[in-house]
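Asks: return atomic coordinates for the entry below.
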Amino acid sequence: MKVPADSLSGPETGQGPIRLMQKLPQERLNTAAQGVAIMEKNRHHAIKYVKERRAFGKRIIDFQNTRFELAECKTVARIAKTFTYDFAKRHLQGALDTVNASMAKYWVTDMECQINDRCLQFFGGYGFMNEYPVARHWCPSRVQRIYGGTNEIMKMMIARSLWKFKAFRRQP
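Replies: Numbers count the residues shown, from 1 in each chain. From the prediction side, this is the model:
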């Protein structure tokens with residue numbers, strides 16, 4: 001197919017795939033940032049819900065397990081945010097590489113799904129009804145572990161970087 005020169009993604013023909021590959025770290029960082037935002041949203045929705053919902057005569061937030069679960073969610077979300085912000089800073093400095101972007105994408109989206117599952121659990125059966133935001137966030141969160149390269153591919157990219165270290169190389 002012939003493409004007009006003004007529609008090319010760069011100054012040279014045939015460089016589209018290369019230009020796309022150069023932007024993958026940024027795409028993966030964006031996915032991690034989205035994951036952080038959804039973790040925070042679902043955590044806030046869950047907190048609001050457990051303050052209102054009652055079971056066995058008291059608010060769900062009054063149960064020790066609920067508070068412990070929410071404390072863990074907050075901790076993981078904070079770590080994910082700090083981790084992602086560090087890589088965003090590297091990106092702004094032009095120093096974000098494929099390995100670090102892969103770490104951010106896979107770890108944050110894995111944690112995002114764990115946090116979302118915990119938050120959904122507070123809602124019980126309501127958590128699967130689209131009237132509640134935790135249900136509406138679940139499917140888009142889950143697919144983040146797939147697009148931009150599956151999390152298994154991200155781990156392969158990270159593992160390949162280990163071969164740079166002599167201690168990890170195969171000995172003949």
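
Asks: mean confidence score for the helix or strand hosting Phe123?
Replies: For Phe123, the host element (DSSP states H and E) is helix 98-123. Per-region confidence: helix 98-123 scores 96 on mean pLDDT.

Asks: list the helices and strands that helix packs on?
Replies: Using 3 or more C-beta pairs under 8 Å, 6 or more residues apart in numbering; DSSP states H and E, the elements in contact with helix 98-123 are helix 24-52, helix 64-92, helix 133-143, helix 151-162. Every C-beta, even on glycine, is put in place using the N, C-alpha and C of the backbone.

Asks: what's the angle between the shortest one and helix 98-123?
Replies: This points to helix 133-143. Going by axes from the mean of the first three to the mean of the last three C-alpha atoms, to 10 degrees, helix 133-143 is angled at 150 degrees with respect to helix 98-123.

Asks: ok, now the last one?
Replies: With the same axes, to 10 degrees applied, the angle from helix 151-162 to helix 98-123 works out at 140 degrees.

Asks: which outside residues touch helix 151-162?
Replies: Arg28, Thr98, Val99, Ser102, Met103, Lys105, Tyr106, Thr109, Asp110, Arg145, Gly149, Phe168 (C-beta atoms under 8 Å, 6 or more residues apart in numbering).

Asks: give me the neighbour count for the third one.
Replies: In this case it means Val99. Using other C-beta atoms under 10 Å, Val99 has 16 other residues around it.

Asks: next up, the contacts around it.
Replies: Met157, Ile158, Ser161.

Asks: check the fourth one too.
Replies: Applying C-beta under 8 Å, 6+ apart to Ser102 gives the contacts Arg28, Gly149, Ile153, Met154, Lys155, Met157, Ile158.

Asks: my read: Phe123 touches Ile47, true?
Replies: No. Counting by C-beta atoms under 8 Å, Phe123 does not reach Ile47; the two are 11.9 Å apart.

Asks: the more surrounded of these two?
Replies: Phe123 (21 against 16).

Asks: and the more buried one, what does it touch?
Replies: With C-beta under 8 Å, 6+ apart, Phe123 has these contacts: Ala46, Tyr49, Tyr132, Val134, Ala135.
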